[in-house]
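Peer 1: This is a predicted model, with the sequence first.
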Amino acid sequence: MDAPHGPDPDPIPDPGIGPGPDSGPRQIPEGSPAATGAESRPTGPAGFGDFWRRTLAADVGRGDPSFVTVESSLRSIVVEDVTFAGFGGHPVKGWMLTPATGCPRGTVIQFLGNNTGRGLPEQWTLLPSAGYATFVMDNRGQTGPASVGDTPDPVGSGPQIIGRMTSGIAHPEEYYYRRLFTDAVCAVRAVRHHAAAGTATGTGTGTGTAADSAMGTASGSTVGPAPSAHRIFVAGGSQGGATALAVAGLCDDLAGVLVDVPLLCDIRSAVETATAGPYLEILDLLRTRRGNEDAVFEVLSFFDGKHFASRARIPALFSVGLLDPVCPAGSVQAAFAAYAGAEKTLCTYPYDGHEHGQWQHKRRHLEFLDHHTAGGTT
């Protein structure tokens, strides 16, 4: 692909960092240009917006999701086994955990890191315990010893380095993360369909995708965004952070996004500076494709978190570890700088690596969610 980079002529419509005091990381001042996003314009390769509109128009809205209540020892939480149609109509698994009493303050859709799956419901009890419904989306074709997966990826690809960072990298249409990011947008639709999120009124459910807004049409039977769509948050770390950032740029009517040490941001720079983790898969591929570097990075540009960030305007909380060998700090900071939303904060952990604050940062998540649900219930 030879399309030049620069402001997207066909964009998708609205769907000084350092250590702080002993109490925690310092925030970007809200009035600064970096915080307001006033200088931000959509970026990316030519055709970025059209590529994602076509992708979502083809794959979002392929039938209603299934939520089946399962027995659990979690007495204060209702657990549901979820199946919904993702990219290509492929079935994708998930968990829905909802407080057993009262209405949830909102719903958090949790996207997962590399080589992990949805695991067991017992792994996801923090947010339901704090009053939030939690939807955990499985990663297609991924699993791991700490968090097992249940969703296959039936799509094959050409030669690749072991892992997913180079799977289907010859063409944007075949790249693995096109499927995963589309699954994630479909997950938003599934949550909007669910009663715990205050689902759409009438006879249909809205997909709420920016692609629908752009084309003036909807995928499937819709009546527009659900009344409580503003109470849906998306969240994730590493690969999950990349997925959450993509959804923030592709979906309308979300309440906020939690982006921790995201993968797939400022990709070329990250490949050149990472010393561990998935970026090394791309580095290994480039050693077998000498002379084709520009073509590889052109494909990857359709999945770069910087370009999704330049289209996202919902409130955002980012985190970065300045010693991160997996997702280098500069790549995360580049995505944060590109983020178009006026309300954004970057929590910087100067002596952390990929762990990015651990449980201290979980508290920051809860503070962010509490602030943006205004202390109320849906």
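Peer 2: Happy to help now that I have it. Numbers count the residues shown, from 1 in each chain.
Peer 1: Against residue 246, how distant is residue 269?
Peer 2: 19 Å (Cβ to Cβ, to the nearest Å). Just so you know, the C-beta spots here come from the backbone N, C-alpha and C atoms, and that holds for glycine as well.
Peer 1: quick one: which of the two has more around it?
Peer 2: residue 246 (30 against 14; other Cβ atoms under 10 Å).
Peer 1: tell me which element the more buried one is part of?
Peer 2: Secondary structure here is read from DSSP states H and E; on that basis residue 246 sits in helix 239-250.
Peer 1: and that helix, how far from the chain's centre?
Peer 2: In terms of Cα atoms, centre = their mean, to the nearest Å, the gap separating the centre of helix 239-250 from the centre of its chain is 2 Å.
Peer 1: how about it: buried residues?
Peer 2: Applying a neighbour-count criterion of 16 or more other Cβ atoms under 10 Å, the buried positions in helix 239-250 are 239-250.
Peer 1: For the stretch 1-150 of the chain, which segments count as helices?
Peer 2: Secondary structure of the stretch 1-150 of the chain (DSSP state H, counting those that start in this stretch): helices at 33-36, 48-59, 126-129.
Peer 1: Report the angle between the longest one and helix 239-250.
Peer 2: Going back to what we said before, that points to helix 48-59. Angular relation of helix 48-59 and helix 239-250 on a 0 to 180 degree scale: 100 degrees, by axes from the mean of the first three to the mean of the last three Cα atoms, to 10 degrees.
Peer 1: ok, and for helix 48-59, which residues are buried?
Peer 2: 48-53, 55-57, 59.
Peer 1: give me the number of residues near the nearest residue to residue 245 once chain neighbours are set aside?
Peer 2: Ranked by Cβ to Cβ, 6 or more residues apart in numbering and with sequence neighbours excluded, the top spatial neighbour of residue 245 is residue 305, at 4.5 Å. With neighbours defined by other Cβ under 10 Å, the count for residue 305 comes to 32.
Peer 1: before we move on, back to that, adding mean pLDDT as columns, could you present the helices of the stretch 1-150 of the chain in JSON lines?
Peer 2: Formatted as JSON lines, the entries for the helices of the stretch 1-150 of the chain read as follows, by pLDDT from 0 to 100:
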{"stretch": "helix 33-36", "mean pLDDT": "42"}
{"stretch": "helix 48-59", "mean pLDDT": "96"}
{"stretch": "helix 126-129", "mean pLDDT": "97"}
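Peer 1: Include distance to residue 259 when you put those helices into a markdown table, please.
Peer 2: Conversion of the helices of the stretch 1-150 of the chain to a markdown table gives the following (distance: least, Cβ to Cβ, whole Å):
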| stretch | distance to residue 259 |
| --- | --- |
| helix 33-36 | 15 |
| helix 48-59 | 18 |
| helix 126-129 | 16 |
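Peer 1: Any idea which of those helices gets closest to residue 156?
Peer 2: helix 48-59 (17.7 Å; Cβ to Cβ).
Peer 1: Which pLDDT does the model give the closest residue to residue 130 other than its chain neighbours?
Peer 2: Leaving aside its chain neighbours, residue 130 sits nearest to residue 366 (5.8 Å; criterion: Cβ to Cβ, 6+ apart). According to the model's per-residue confidence, residue 366 sits at a pLDDT of 97.
Peer 1: and residue 366, that one's in a helix?
Peer 2: Yes - going by DSSP: H, G, I helix; E, B strand; the rest coil, the assignment for residue 366 places it inside a helix.
Peer 1: Tell me if I'm right that it and residue 129 touch.
Peer 2: No - using Cβ atoms under 8 Å, residue 366 makes no contact with residue 129, being 10.2 Å away.
Peer 1: circling back to that earlier point, count of neighbours near the residue nearest to residue 130?
Peer 2: Neighbour number of residue 366 under other Cβ under 10 Å is 14.
Peer 1: From residue 350, how far off is it?
Peer 2: 22 Å.
Peer 1: In this structure the residue nearest to residue 245 contacts residue 246, no?
Peer 2: Yes - between residue 305 and residue 246 there is a contact at 7.0 Å, judged by Cβ under 8 Å.
Peer 1: Setting aside sequence neighbours, what's the nearest residue to residue 312?
Peer 2: For residue 312, the spatially nearest residue (Cβ to Cβ, 6+ apart) is residue 248, at 3.9 Å.
Peer 1: just residue 311 next, same as before
Peer 2: residue 249 (4.0 Å).
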